[in-house]
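Student: Pasting the sequence and the predicted coordinates here, then a few questions.
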Amino acid sequence: MTLRRAESLAVAVVGVVAVATLGYRLGAGAPAVAAFATALAVLLVAAPVALHLATATPLLVAAGRGARLGLLLPDASAGTLRVDTVVVAGTEVLTTGGPEVQEVRLADGVGRHDALRMAGSVAQESARPVDRAVAAASEALLGVAEFDAVDDLGSRGIVAEVVTDEGGEPMVIAHAVLVGEVELLTAHGIALPAELAGAPAQAVAAGRTPVAVAWDGVARAVLAVGGAVAASHAAAVHALRELGVRPVLLAAQAEPAARYVAGRCGIDPEAVHAGLSGEDEAAVVHRLRACGARVAVVAEATHAAALAAADLAVRTDPAAPAHHGLPAAVDAIRLAHRATGVARANVAWSLACTAAALPAAATGVLGPVLAAAATATSALVVVANSLRLQRFGTTGG
């Protein structure tokens, strides 16, 4: 039974008792004024407004406290904010916005360290975001000479390294390195070997940018660069599971790209829905709710349809307050669950007070003035208990 239904049932029961009390008093020959006063006392014991405070006040306080988290309450009249499913609409919620090297495909006989070092040494001189990600993937970069940015295809340069010959003498070896699109290698008469031939197309299909690497006239590797996943989001997914909430990802990208982001964050592959439009996202949310799930949607404001379809909406776009992303959603869910717990406690207190005072009011022991005072006191306790939500603190401090 929902909190709102329990509240309505209590009001209905009190109404029936008030009518019955009035009828009994009049039938027993009591003065009309006394009979109506007794019935009024019964009604005042469980005033509908006072009972409504039990659920409305914690939701109102939670909405104010949650404003700093970007928390929206689309239907506070539902009487509960508890959710069991969190839908992340858009991989941009889970990524930092910057690219990173996500996969390295190597030609036969080439080491990963060598490929990243050669590529990064040239890429470090480039201003392209993709090249900056390639440079960041290696911790041991070499100096580069004769650096040249080739249109929008990539970069080239001479990378020198010091090695030791068979006699133990140091010697300098220079490598002509190309880093960029496959067309850059093709323009220099370099073809990808068989083991790398399908790597660029696979990277594109997964929503990533392929970066070919060649030196000394031979293609050595293909790097797949994609959006970096924020380190805090895996912890946020774990926190959601501890709250008993199931995470689901909706993405416009192809399934491989969406599943890669989900895997990095700890979201189950079967909980990934890829290739969706805005209307499709809303349809998935409606289906989850139709199956009995209480759904929170975490998304930027551009996913308006999915946000509007949710039981609880958490907006994470830059226009929202300072807290962003999935960690903010965890805080929002915690606040929502806390508010529901306070509302349940308030309803239990209100019903207990009503049950205790109702017999006294019905028998005339508790007059209208005392009944009103008792109801007001109960309401003050409800408000004070709800205001405890103002002390809610986020996981980020």
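Tutor: Good, I have the coordinates.

Student: Who are the contact partners of Gly180?
Tutor: Residues in contact with Gly180 (CB atoms under 8 Å, 6 or more residues apart in numbering) are Val150, Leu153, Gly154, Ser155, Arg156, Val211, Ala212. C-beta here means a position set from N, CA and C on the backbone, and glycine is covered the same way.

Student: Tell me which of those residues fall in strands.
Tutor: Val150, Gly154, Ser155, Arg156, Val211, Ala212 (DSSP state E).

Student: Of those, which is the nearest to Leu116?
Tutor: Val211 (10.8 Å; CB to CB).

Student: what's the closest non-adjacent residue to that closest one?
Tutor: Leu223 (4.3 Å; CB to CB, 6 or more residues apart in numbering).

Student: Quick check: which element contains that neighbour?
Tutor: Element membership of Leu223, judged by DSSP states H and E, is strand 218-229.

Student: Can you name every helix or strand that that strand contacts?
Tutor: Applying 3 or more CB pairs under 8 Å, 6 or more residues apart in numbering; DSSP states H and E, one finds that strand 218-229 contacts strand 95-106, helix 112-123, helix 129-136, helix 199-205, strand 209-215, helix 255-265.

Student: Okay, buried residues for that strand please.
Tutor: In terms of neighbour count (16 or more other CB atoms under 10 Å), strand 218-229 has its buried residues at Ala219, Arg220, Ala221, Val222, Leu223, Ala224, Val225, Gly226, Gly227, Ala228, Val229.

Student: Just the residues contacting the following helix or strand past that strand, thanks.
Tutor: Moving toward the C-terminus from strand 218-229, the next helix or strand (DSSP H and E) is helix 232-242. Helix 232-242 is touched from outside by 86, 94, 246-247, 264-267, 325-327, 329-330, 333, 395, with contacts defined as CB under 8 Å, 6+ apart.

Student: swap in stretch 253-262?
Tutor: 91, 94-95, 102, 205-208, 226-227, 229, 249, 251, 268-269, 271-275.

Student: Give me the pLDDT value at the nearest residue to Arg334 once chain neighbours are set aside.
Tutor: Distances taken as CB to CB, 6+ apart put Leu243 closest to Arg334, at 6.9 Å, once the chain neighbours are dropped. We have a pLDDT of 84 for Leu243.

Student: again, but for Met118
Tutor: 89.

Student: List the contacts of it.
Tutor: Leu142, Val159, His175, Val177, Val213, Trp215, Arg220.

Student: Tell me how far it lies from Gly157.
Tutor: Distance of Met118 to Gly157, computed by CB to CB, to the nearest Å: 10 Å.

Student: Could you single out the nearest of the buried residues of strand 218-229 to Val295?
Tutor: Using CB to CB, the buried residues of strand 218-229 come closest to Val295 at Val229, 23.2 Å.

Student: The closest one touches Gly263, doesn't it?
Tutor: No: between Val229 and Gly263 there is no contact under CB atoms under 8 Å: 9.2 Å.

Student: correct me, but Glu146 touches Ile158?
Tutor: Yes: counting by CB under 8 Å, Glu146 touches Ile158, with 4.9 Å between them.

Student: which other residues reach the one helix or strand Val369 maps to?
Tutor: Mapping Val369 onto the secondary structure by DSSP H and E places it in helix 368-386. By CB under 8 Å, 6+ apart, the list of residues contacting helix 368-386 from outside reads 37, 40-42, 44-47, 50, 53-54, 57-58, 60-61, 342, 345-346, 349-350, 353, 357, 361, 366.

Student: now swap in stretch 350-363 and tell me
Tutor: Counting by CB under 8 Å, 6+ apart, 6, 10, 14, 17, 21, 38, 41-42, 44-46, 50-51, 54, 366, 371, 374-375, 378, 382 sit against stretch 350-363.

Student: buried subset of these?
Tutor: For those, buried by 16+ other CB under 10 Å: 6, 10, 14, 17, 21, 38, 41-42, 44-46, 50-51, 54, 366, 371, 374-375, 378, 382.

Student: re earlier: what is in contact with Met118 and Gly157 at once?
Tutor: With CB under 8 Å, 6+ apart as the test, Met118 and Gly157 both reach Val177.

Student: circling back to that earlier point, neighbour count: Glu146 and Ile158, which is higher?
Tutor: Looking at Glu146 and Ile158 with other CB atoms under 10 Å, you find the greater number of neighbours at Ile158, namely 17 against 10.

Student: residues near the residue lying closest to Ala271 once chain neighbours are set aside, how many?
Tutor: The spatially closest residue to Ala271, leaving aside those adjacent along the chain, is Val248, at 4.6 Å (CB to CB, 6+ apart). If you count neighbours by other CB under 10 Å, Val248 ends up with 23.

Student: Checking my notes, Val248 in a helix, right?
Tutor: No: counting by DSSP: H, G, I helix; E, B strand; the rest coil, Val248 falls outside a helix, being strand.
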